[in-house]
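Novice: Structural data only, the sequence is not supplied:
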């Protein structure tokens, strides 16, 4: 059952990639998120990717209970969650219980697919009350100051994170085609820095392009960067990372590891929270 859920999630993402769609470039944080009617909170990164559209979502039973109904011909979408199962294990002859997380899913419908029911929460698009560029600088400066990350700008054509010196290196801001591309790249490299052994401990060694380790870490950084840009109110442009070679590398990696996108999304949640200074 669990592997079937991983396949469901992976197939959905691969389908979008094969159509040339980068699902993590869609807005799925802040006021433009997809959110749960039962909690009023935005869905996790992986569920935002699966839903693909903003708005309030509810299960068939929740819609019925509220006096509404799903319009004829409408189809629901799946969201996933972790269910903790108790399992008995034996170590050195002693038996004990261990909680094992199992991936499960259920089907939800956007309220705009229904009749006789209104949104429970008012999460319509609102004007952002800050200057996006200023807010980006505040977030970056707070993070590098709090975590003691080195940030260096130089006149060059490379952007990278160097774990050995805990340093993010970026070209000069004026070298980028747009301010969105600059901040997208900055957030991408800063996301890599959250994987340092003294932080979230994801980066253990240098990985080669196309390898499982490389693809997973790049997905974490891509997801984190996109989420940060949307939170700041900046549209995500198609950057050099999202060219045909990268799209094909994602497809190959996902086909070879059905747990990749779920794992990367979970890690991106933690990376995003660390950069934003949000206590988990």
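Specialist: Yes, it's here. The model shown is predicted, which means the values in this text are computed figures rather than measured ones. Numbering: from 1, shown residues only.

Novice: now the longest helix belonging to the chain: how far from the chain's centre is it?
Specialist: In the chain, taking DSSP state H as the definition, the longest helix is helix 212-231. Helix 212-231 has its C-alpha centroid displaced from the chain centroid by 7 Å (CA atoms, centre = their mean, to the nearest Å).

Novice: now the residue in the chain sticking out farthest from the centre: how far from residue 162?
Specialist: Distance from the C-alpha centroid of the chain peaks at residue 93, with 41.7 Å (CA atoms, centre = their mean). With the distance defined as CB to CB, to the nearest Å, residue 93 ends up 48 Å from residue 162. (Glycine included, C-beta is placed from N, CA and C.)

Novice: What of residue 171?
Specialist: 15 Å.

Novice: Residue 56 now?
Specialist: Distance, residue 56 to residue 162, using CB to CB: 43 Å.

Novice: Which residue of those two possesses the greater neighbour count?
Specialist: A direct count of neighbours by other CB atoms under 10 Å for residue 56 and residue 162 places residue 56 higher, at 23 against 14.

Novice: I'd assumed residue 111 was in contact with that one.
Specialist: Yes - with contact defined as CB atoms under 8 Å, residue 56 counts as touching residue 111 (4.6 Å).

Novice: Overlap in contacts, these two.
Specialist: Common neighbours of residue 56 and residue 111, using CB atoms under 8 Å, 6 or more residues apart in numbering, are 37, 119.

Novice: In stretch 170-186, which residues are buried?
Specialist: Using 16 or more other CB atoms under 10 Å as the test for burial, stretch 170-186 gives 170, 171, 176, 180, 181, 182, 183, 184, 185, 186.

Novice: same check, this time on stretch 87-96
Specialist: Going by 16+ other CB under 10 Å, stretch 87-96 has no buried residues at all.

Novice: same thing with stretch 138-146?
Specialist: Neighbour-count burial for stretch 138-146, counted by 16+ other CB under 10 Å, picks out 139, 140, 143, 144.

Novice: So what touches that stretch?
Specialist: 149-151, 168, 186-187, 190, 228, 232, 274-277.

Novice: In helices only, show me those.
Specialist: Using DSSP H, the contacts of stretch 138-146 in helices are 186, 187, 190, 228, 274, 275, 276.

Novice: pretty sure the fifth one is touching residue 198, no?
Specialist: No - applying CB under 8 Å as the test, residue 274 and residue 198 come out as separate, 11.6 Å apart.

Novice: Just want to know which of those two has more residues nearby.
Specialist: residue 274 (22 against 8).

Novice: Tell me the spacing between the residue lying closest to that one once chain neighbours are set aside and residue 272.
Specialist: Once flanking residues are discounted, residue 274 sits nearest to residue 194: 4.8 Å by CB to CB, 6 or more residues apart in numbering. Distance from residue 194 to residue 272, counting by CB to CB: 9 Å.
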